[in-house]
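In: coordinates only, sequence not included:
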């Protein structure tokens, strides 16, 4: 079997330091993929000294002690790398630069996950972990009177978790949904630490006979056929209400597409009378089974694109001017949140004025599509699963391929026939 990595010491002569010496780097090279990374050490040498100490077969007596210190650096790196199967630079760096005691510290593992999520631009999930971590620190400060520097995995027991839950519900007045989100993040931290052999499975505090994460079942609210008809025919009182209504029904008519996916649509996704794209939600969580979503555009949806779309229709141009001037992923996230809030606030005003409901949101568009497609659209459960891009119904995957394009298009047209 081909060796996955090669480790050596290298004198970096590209730039001389102020002391007239050059830094020694730990060099790690992988042949497949061909990649090299250099890591700092505490050693500096002149070229002649490095050759006399490290590059010679038989160093002089006065150099043997320093050579042992250099060899210790290589030996440590080798011992870390040989435990990785397969070898990866990310895991290598994590283990090489982990300080003593970090592996047993819950807070340290949280930071590792948060950093990884941010590198992957999964800012929403990263924010959930940050809030979870903040809640743990707040609870410890409440019970001990000072801000904690660490939390050991072994300290988190069934009793500790039950006390934390009561504190969040009673003292902080958080909902069961919020507590569930925070504790599920902590459970993931535990599972990951066990998987990486940083802690023993015996201290795992979750499970049937241990602490159970609060199970909160969300009620998916929908508009029925009569409510949809009334809202669709409602006359908006302001331009903002009209825009909010148009985008809500665009979401509904496009397989219940969520607002983030709408904002990220580019003209290259528009192919004839269809939109073809991958859901942003699955781009990082389900890379091995990415499934293209195909939306057949109704006459109404095409009208919304013509009315609100950017003037430039170059392939990489966003269809809608929601993210036109976004600077980075963080800025995109804020703009999507603001646009979602804009739709919810203005559509709610219109719905209340029409006597429909005061609790409507963009989520209702997705839920309404799913349920009404089955109730009166004539769709099967399998079709709706495909339309919503649900990847967990593997048993129906073969059946998805049996739908004719004309059938899909006819159904989408029927959904807008109030």
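Out: Here it is on my side, so go on. From a predicted model like this one, the values you see are computed outputs, not experimental measurements. Residues are numbered from 1 along each chain as shown.
In: Are we agreed that residue 359 is in a strand?
Out: No: using DSSP: H, G, I helix; E, B strand; the rest coil, the secondary structure at residue 359 is coil, not a strand.
In: Quick check: pLDDT value at the residue nearest to it when sequence neighbours are not counted.
Out: Closest residue to residue 359 apart from its sequence neighbours, by CB to CB, 6 or more residues apart in numbering: residue 221 at 6.8 Å. To be clear about C-beta, it is placed using only N, CA and C from the backbone, and glycine gets the same treatment. Predicted confidence (pLDDT) for residue 221: 77.
In: Next: the one 5 residues further on.
Out: Looking at residue 226, its pLDDT reads 88.
In: Which stretches in the stretch 301-418 of the chain count as helices?
Out: Using DSSP state H, counting those that start in this stretch, the helices of the stretch 301-418 of the chain run over 329-353, 362-375, 381-387, 397-400, 405-415.
In: Any idea how many residues pack against the nearest residue to residue 77 once chain neighbours are set aside?
Out: Computed as CB to CB, 6+ apart, the closest residue to residue 77 that is not its neighbour in sequence is residue 7, at 5.0 Å. Using other CB atoms under 10 Å, residue 7 has 19 neighbouring residues.
In: Surely residue 7 and residue 25 touch.
Out: No: using CB atoms under 8 Å, residue 7 makes no contact with residue 25, being 11.3 Å away.
In: how about the longest strand that the chain contains: buried residues?
Out: When the chain is parsed with DSSP state E, its longest strand is strand 34-45. For strand 34-45, a neighbour-count test (16 or more other CB atoms under 10 Å) marks 39, 41, 43, 44, 45 as buried.
In: ok, those vs residue 53, which is closest?
Out: residue 45 (6.9 Å; CB to CB).
In: so that closest one bridges to which residues?
Out: Per DSSP bridges, the residues bridged to residue 45 are residue 22.
In: Pretty sure it sits against residue 11.
Out: Yes: the pair residue 45 / residue 11 is scored as a contact, 6.3 Å apart, by CB under 8 Å.
In: Report how many residues lie close to the closest residue to residue 180 other than its chain neighbours.
Out: Among residues not flanking residue 180 along the chain, residue 214 sits closest, at 4.4 Å (CB to CB, 6+ apart). For residue 214, the count of nearby residues is 15 (other CB under 10 Å).
In: Can you give me the distance of residue 214 to residue 345?
Out: 30 Å (CB to CB, to the nearest Å).
In: check contacts around residue 13.
Out: Residue 13 makes contacts with 22, 47, as judged by CB atoms under 8 Å, 6 or more residues apart in numbering.
In: ah, wrong one, I meant residue 125
Out: With contacts defined as CB under 8 Å, 6+ apart, the neighbours of residue 125 are residue 117.
In: And for residue 199, the neighbour number?
Out: When neighbours are counted by other CB under 10 Å, residue 199 registers 20.
In: All further residue positions should be reported with the first residue as 12.
Out: Let's use 12 as the start, then, which means that last one is residue 210.
In: Identify the residues contacting it.
Out: Counting by CB under 8 Å, 6+ apart, residue 210 has contacts 114, 115, 164, 165, 201, 204.
In: again, but for residue 383
Out: Applying CB under 8 Å, 6+ apart, the residues near residue 383 are 233, 234, 235, 236, 239, 426.
In: gap between it and residue 258?
Out: Taken as CB to CB, the spacing of residue 383 relative to residue 258 amounts to 18 Å.
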